[in-house]
Every structure is written in C-alpha cells, then in structure tokens.
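[1] take this sequence and fold it.
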Amino acid sequence: MLDDGGWSSARRWSVRLAALGCVLLGARAQAQGAPAAAQAPCTAVEVKLHDVPVKVTASTVLPDAKDPGRYGPANLLDEDPNTIWAEGAKSTGAGEWVELSFPPGTPVHAFLVTPGNPKSPSLYLANARPRKAKLELTVGEGGVLAYDLEFPKNFPAGGSVHVEYPNPWEVKSARLTVVSVWPGSKYKDLCLGTFVPVFRGPEQNNLKTFLGKGQELAPTLSSFLYNPGFVNDLLPPDGSGEPVWLRSYAQVPHGGPLPTPAFELDLSQDSLSSWSRYRRALDRAVAGAFLRSNVFRLTPAPGGKGYVLEPFMPPKGKDSFSNFRIRWQLIAGQWRVAELLLKFQEDSPDD
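    A predicted model of the protein is given here:
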C-alpha cells in the first residue's frame, strides 16, 4: 500500500480528469492479505504543457479504486512534489517505463527527472526508487539517442537530474526506462516524481513554446545553461533585500563542506562591473561540464532554502572544468540565483 503523504483536492480532481483515458482495475493487495488485482496498463493521456499537447504513457500504473489517476503518469508533467507516478507491476519495478510523445516540430530543449516519492525524506525511503535509468530520445529520421542516468543511494529526497538536449534535431518522443531499483523500506511500489520536458523559446522555433524564467524551475535552469554569462538577468530584483554571494575557490568540491573562499562579494551591493571578470570563468565551467556530459544534478540546498545546480560528474582535479555550484531560491514568486560558487583563476597575459 503506497503512502504519498496526501495532496490537494484541486490537484486530485485535475488528475482525475486527465486520467479518463486510463483503465484502472481494482486495488493493490494490502498487507492484511486482500486479494491482488491484475495490473492495469494505462492508455495514453494528453496533457497541455505551455499550450503544447504532450501525450504521456506508462507501462503500468498503481491502481486506486477510490481515486483513479491518483498515481497516473499525468502527474509527471508538473514540478509538484505532492504528485507522483507509481508503477503497478508485481515485480520490483525494473523494466517499467514512461514515455512522452510530442507533436511534429516541437523544439525540445531539456528534461528534469526526479526519482522516487519526493514528498518527504521518510516517504522517499519508504517507497522504491530508480537506481539506474535510461533516457532514450527518438529523433528525426528514426534515430535514437540514449542517456544513462544513475541515482546513487545517497541521492537526496527531492533531488533531480537535468538533462540538456542542445542538438537542433527534432525529438519525436522520450522514453524513461527503469533499469535497476533501490527497494523501499516499507513499500515495493516504485515511484517517480517528475519527468518534465522543457521547450526552446520562440527565438529557436516558430511554434508557441516556452523556455521561461518564472515560477517553474526546470525552464529557468535551461535559460541559465543556455547562456550562463547572462546570469545577471536571473538575479533577485533591485530592492528585494536578498544578498547574492559570489564566492571563488581554488576548487569547488562536488558535495561536502566548502573550504574558506579565496574571494567573495555580494552582487546585490557591489556594481556588476565586479562580476564581469568572473563571467568568463562561469562560461568556461559550464562549457567544460557540457563537454563531459549533458547531465546536471539539482539537489536541495542546505537549510531547505532552494536548490543547488551543479555538474553531475565531479571535477577531475584542481584545474578541471565542472567546478561550480549555483544556488537557486524562490524570491517574490520567481526562481532566482542566490549564490554562485566558482573556481576562479586570474587570467595570465598569455590567456
């Protein structure tokens, strides 16, 4: 029996309507020994995402006789930790999948994947979650691009991976398949919190699409990664009173405590001209991370204030790329950059 921690009645009714195309039979067997119902595959559900109709399909769905759609795949197309997809197979969940299909010409830019049940740390551990997964993009001319995603055992509740897709080729569909599983401490149901696509902005395509800099974090991250040098556009607005710390180090660790910074300044108090010499360092770091991988990780910030974005792969050494962390915080209803942690080295005359 899965426990998702409860969710709003408004969202519940929304998902009920979105799940009318699904045939869900019976209820999952209870610990008390109630007879198990046959698993029910879910037919395609169409969800409007920024005016783009996206078809989402799951290999199976955990039935809920009282509330059809409670664990349906439509829940994946938001960034709400109160809604999840849960598979309905009798196995561990390995081999189960969800797939997004897009109208012709949709300019897909990135994907945000949140494993497990992110409602709370206790529910995250209680339910099964992906250990390894494969993201397969079917592109124009029938080609397939594959990304291997790994979620270490200590990957935190509410953490995500952000997969950038910088190529201009058309994406027809995206399938996320669970390869292996971290078992739940209480329930065997495998959960997934988010599988959100991000669309390129209108400057890349004539379709009405969305890249965004607002309340939704996934498009905001794509805006930043698309052009990190313009991070000043994502700083808190003037008069917000929020500090924006720029801190430089000899090396930015991949997790764990930070050393004493070599230099720091509050961009909300200093002229942005102080920032200009660090812009090149940030551009280099992000470009170097892209050379190694298109996958970035997003983890809850210490103290519960926002999230930290950094490369999925740790730096290989003091002078390697991938030395950065960017902390994001929801300020006045929008996601903004609240802290930049960079490896910075003064340019030599030969640079």
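
[2] so what's the residue nearest to residue 84 when sequence neighbours are not counted up against?
    Of all residues not flanking residue 84 in the chain, residue 191 sits nearest, at 4.8 Å (CB to CB, 6 or more residues apart in numbering). For the C-beta atoms, the positions are set from N, CA and C on the backbone; glycine is no exception. Under the criterion of CB atoms under 8 Å, 6 or more residues apart in numbering, the neighbours of residue 191 are 2, 4, 84-86, 115-117, 127-129.

[3] hmm, try it at 10 Å
    Counting by CB atoms under 10 Å, 6 or more residues apart in numbering, residue 191 touches 2, 4, 62, 71, 75, 84-87, 93, 114-119, 123-124, 126-130, 184.

[4] okay, and which of those residues map to strands?
    Using DSSP state E, the subset of these located in strands is 85-86, 114-115, 129-130.

[5] tell me which two in these are the farthest apart.
    Between any two of those, the greatest separation by CB to CB is 13.4 Å, found for 86 and 114.

[6] more neighbours: which of these two?
    residue 86 (28 against 25; other CB atoms under 10 Å).

[7] that one touches residue 93, doesn't it?
    Yes - the pair residue 86 / residue 93 is scored as a contact, 9.0 Å apart, by CB atoms under 10 Å.

[8] give me the common contacts of the two.
    By CB under 10 Å, 6+ apart, residue 86 and residue 93 have these common neighbours: 60, 127-128, 189-192.

[9] export those residues to CSV and tack on pLDDT?
    Shown next, in CSV, are these (pLDDT from 0 to 100):
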residue, pLDDT
60, 93
127, 96
128, 97
189, 93
190, 96
191, 97
192, 97
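
[10] which two among these are spaced furthest apart?
    Taking CB to CB, no two of those sit farther apart than 60 and 127, at 15.1 Å.

[11] more crowded one of the two?
    residue 127 (26 against 23).

[12] check contacts around the more buried one.
    2-4, 84, 86, 93, 116-117, 119, 182-191.

[13] one more pass at 6 Å, please.
    With contact set as CB atoms under 6 Å, 6 or more residues apart in numbering, residue 127 has these partners: 117, 184, 187, 189, 191.

[14] measure it to residue 185 for me?
    Applying CB to CB, to the nearest Å, the value for residue 127 to residue 185 is 9 Å.

[15] now name the helix or strand holding residue 299.
    Residue 299 is located in strand 295-300, with elements delineated by DSSP states H and E.

[16] partner strands of that strand and their direction?
    With DSSP bridges as the test, strand 295-300 is paired with strand 160-164 (antiparallel), strand 307-311 (antiparallel).

[17] in JSON lines, list the ones you listed along with mean pLDDT.
    Converted to JSON lines, the strands paired with strand 295-300 look like this (pLDDT from 0 to 100):
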{"stretch": "strand 160-164", "mean pLDDT": "95"}
{"stretch": "strand 307-311", "mean pLDDT": "93"}
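
[18] JSON lines for those, including mean neighbour count and distance to residue 102?
    Putting the strands paired with strand 295-300 into JSON lines (neighbours: other CB atoms under 10 Å; distance: least, CB to CB, whole Å) gives the following:
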{"stretch": "strand 160-164", "mean neighbour count": "23", "distance to residue 102": "15"}
{"stretch": "strand 307-311", "mean neighbour count": "22", "distance to residue 102": "25"}
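
[19] where along the protein do the helices fall?
    Using DSSP state H, the helices assigned to the chain run over residues 9-18, 121-126, 217-226, 276-292.

[20] just say which of those helices is most tucked in.
    Stretch with highest mean neighbour count among the helices of the chain: helix 217-226 (a mean of 22; mean count of other CB atoms under 10 Å).

[21] can you give me the offset of the strand holding residue 299 from its chain's centre?
    Once both centres are worked out by CA atoms, centre = their mean, to the nearest Å, strand 295-300 turns out to sit 7 Å from its chain's centre.

[22] swap in stretch 44-59?
    Taking the mean C-alpha point of stretch 44-59 and that of its whole chain, the gap between them comes to 17 Å (CA atoms, centre = their mean).

[23] mind checking the end-to-end distance for that stretch?
    From its first residue to its last, stretch 44-59 covers 10 Å (CA to CA, to the nearest Å).

[24] how about stretch 215-233?
    End-to-end distance (CA to CA), stretch 215-233: 15 Å.

[25] what does it rub up against?
    79, 109-110, 112, 162, 164, 196, 198, 211-213, 272, 279, 282-283, 286, 335, 337.
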